[in-house]
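[1] give me a model of this one.
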Amino acid sequence: MENFIRLAKLMSQRGICSRREAEYFIDMKKVLVNGKLIEEQGTRVSVDSSIELIDDAEKYQKNKVVILLNKPFGVVSTQPEKKYVAAIELITMQNQYRIKNSRIFEKEHLQKLSVAGRLDVDSTGLLVLSQDGVIVKKIIGPKSEMEKEYFVKVSGAITKEKIAKLRFGLSLDGELLKDAQVEILNANNLRFILTEGKKRQIRRMCEMVELKVVSLNRVRIGNIKLGDLPLGKWRYLSEGETFQ
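    Coordinates of the predicted model:
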């Protein structure tokens, strides 16, 4: 059975959909393996099997959207809190930043949106909301090593010794942090590139070397850049863009 694997897991590995979505499609009898309809959860198939989604399942996969938002200060990434609005409330037709060949906003695009990499309420910049579980996993999954780039303004004395500690050697939540790329831009501004995303990681890292974050702006996730997307506006990930 070495060359056999659960169908849902194989579909996830191939990037067809998330494992949860695969299980749903199997329950709905929407998955063909080598031309045969699969009707039971847990079915094991050969790793080189041909897999096909049928009917509305295939249409649903093709119509999934990925949204890029330039999150402003004071907006929370997920559930709304007192006196704050949630990022999804900014995803409206009036607030869309239209680019060439952009798709048309539809209310169904707001359904089943997941945030791929949160930003604190007091941070700004690139926030990804996706209906595609594969992309979410690619960005923030436990095995993800996708780069996230930030411009960070700090108060306090920046020294070579502090930068060395920020790059490697700090621990959070009892775990040694992965190597970080940290560059001095000027007297008060740093550039961070991380491949992990612990809660308020950069702020906590800076506190450990006696620096205080004044502002934090995420400008890139993988090879997708914030670019000229205005603050508070959003756009769709275009057909030619992919997270790498």
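
[2] quick one, what contacts the closest residue to V115 other than its chain neighbours?
    Beyond its immediate neighbours in the sequence, the residue positioned closest to V115 (Cβ to Cβ, 6 or more residues apart in numbering) is S77, lying 5.0 Å away. For the C-beta atoms, the positions are set from N, CA and C on the backbone; glycine is no exception. For S77, the residues meeting the contact criterion (Cβ atoms under 8 Å, 6 or more residues apart in numbering) are K71, A86, A87, V115, R118, L119, D120, L127.

[3] apply 6 Å and report the result again.
    With contact taken as Cβ atoms under 6 Å, 6 or more residues apart in numbering, S77 is in contact with A87, V115, R118, L119.

[4] biggest strand in this protein by residues?
    strand 212-221 (DSSP state E).

[5] which other residues reach the helix or strand just after that strand?
    Towards the C-terminus, the helix or strand next in line after strand 212-221, according to DSSP states H and E, is strand 224-225. Applying Cβ under 6 Å, 6+ apart, the contact partners of strand 224-225 are F243.

[6] run the chain-centre distance for strand 224-225.
    Its chain's C-alpha centre lies 12 Å from the corresponding centre of strand 224-225 when counted by Cα atoms, centre = their mean, to the nearest Å.

[7] now do stretch 152-165
    The gap between where stretch 152-165 is centred and where its chain is centred comes out at 28 Å by Cα atoms, centre = their mean.

[8] distance across it, terminal residue to terminal residue?
    In stretch 152-165, first residue to last residue: 16 Å (Cα to Cα, to the nearest Å).

[9] can you list the buried residues in it?
    Within stretch 152-165, the residues that qualify as buried by neighbour count (16 or more other Cβ atoms under 10 Å) are V152, V154, I158, K162.

[10] what about those, which are in strands?
    Those of the buried residues of stretch 152-165 mapping onto strands are V152, V154, per DSSP E.

[11] so V134, which of the three states?
    At V134, secondary structure determined by DSSP: H, G, I helix; E, B strand; the rest coil is helix.

[12] count the neighbours of the closest residue to it other than its chain neighbours for me.
    Leaving aside its chain neighbours, V134 sits nearest to G15 (4.9 Å; criterion: Cβ to Cβ, 6+ apart). Here the count is done by other Cβ atoms under 10 Å, and G15 has 12 residues near it.

[13] done for today, thanks.
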